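Asks: my questions concern the predicted model and sequence given below.
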Amino acid sequence: MKKLITLCLILTTAVSVMAQQKVKEKDIIGEWVLVLDIDRKDIEKEIEEEENWLARSFAKSVSNFALDIVESIDIEFEFRKNGDLRIELEIFGEREVEYAQWYINREGELVIEGEDEDRIQIDDIDVFMMEDGKLVAYEKGRGGKRHVKEEIYLKRKQ
């Protein structure tokens, strides 16, 4: 029984390690689009569970407004050689361009930093890892352990 449990633990670890691939420069050079994969149905379901009709009504109005704003934002990343990054934001028809730096750390994680060496924070994102051709966002917890932010990722621009 111990051997079976040990084998299961080893296989689980191997599968989780294989799912997260180290980022390589040649794989990320080019244009990417930020995806915020927020499911309206999940949010609406949570709101409907609220017992207070006033709170439910208010939450529904605010969430619809916020989701409409999120859906109207387009963010594109252009990863260039030598660690240069061009970030183009389009919000309500207004276009803005920012520049940042990127690098791949020893753990094979993609890190993005602003021009003033402050880390760029997008909803507590610390690093990105490659998974199924996407750069998936992770938050780093205590001891450097990564926690996936499943709803946030970068996909290659078509």
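Replies: Thanks, I have it. Numbers count the residues shown, from 1 in each chain.

Asks: helix or strand with the lowest mean pLDDT in this structure?
Replies: helix 2-19 (a mean of 37; mean pLDDT, DSSP states H and E).

Asks: which is the next helix or strand following it?
Replies: helix 25-28 (DSSP states H and E).

Asks: now do that next one: which elements does it pack against?
Replies: Using 3 or more CB pairs under 8 Å, 6 or more residues apart in numbering; DSSP states H and E as the contact test, no helix or strand touches helix 25-28. In short, each C-beta sits where N, CA and C put it, glycine included.

Asks: quick check: buried residues in it?
Replies: Within helix 25-28, the residues that count as buried by 16 or more other CB atoms under 10 Å are I28.

Asks: which outside residues touch it?
Replies: 79, 81, 102, 104, 110, 130, 135 (CB atoms under 8 Å, 6 or more residues apart in numbering).

Asks: E151 contacts L36, correct?
Replies: Yes - assessed by CB atoms under 8 Å, E151 is found in contact with L36 at 6.3 Å.

Asks: hang on, the earlier thing: between the contacts of helix 25-28, which is nearest E71?
Replies: The closest of these to E71 turns out to be L135 (CB to CB; 20.7 Å).

Asks: ok, and what's touching the helix or strand that closest one falls within?
Replies: Assigned by DSSP H and E, L135 belongs to strand 134-140. Residues outside strand 134-140 that contact it (CB under 8 Å, 6+ apart): 20, 23, 28, 32, 109-110, 122-130, 146-150, 152-155.

Asks: mind doing that once more with 6 Å?
Replies: 124-129, 146-149, 152-155 (CB atoms under 6 Å, 6 or more residues apart in numbering).

Asks: who does that strand pair up with?
Replies: Strand pairing for strand 134-140, using DSSP bridges, gives strand 127-131 (antiparallel), strand 146-156 (antiparallel).
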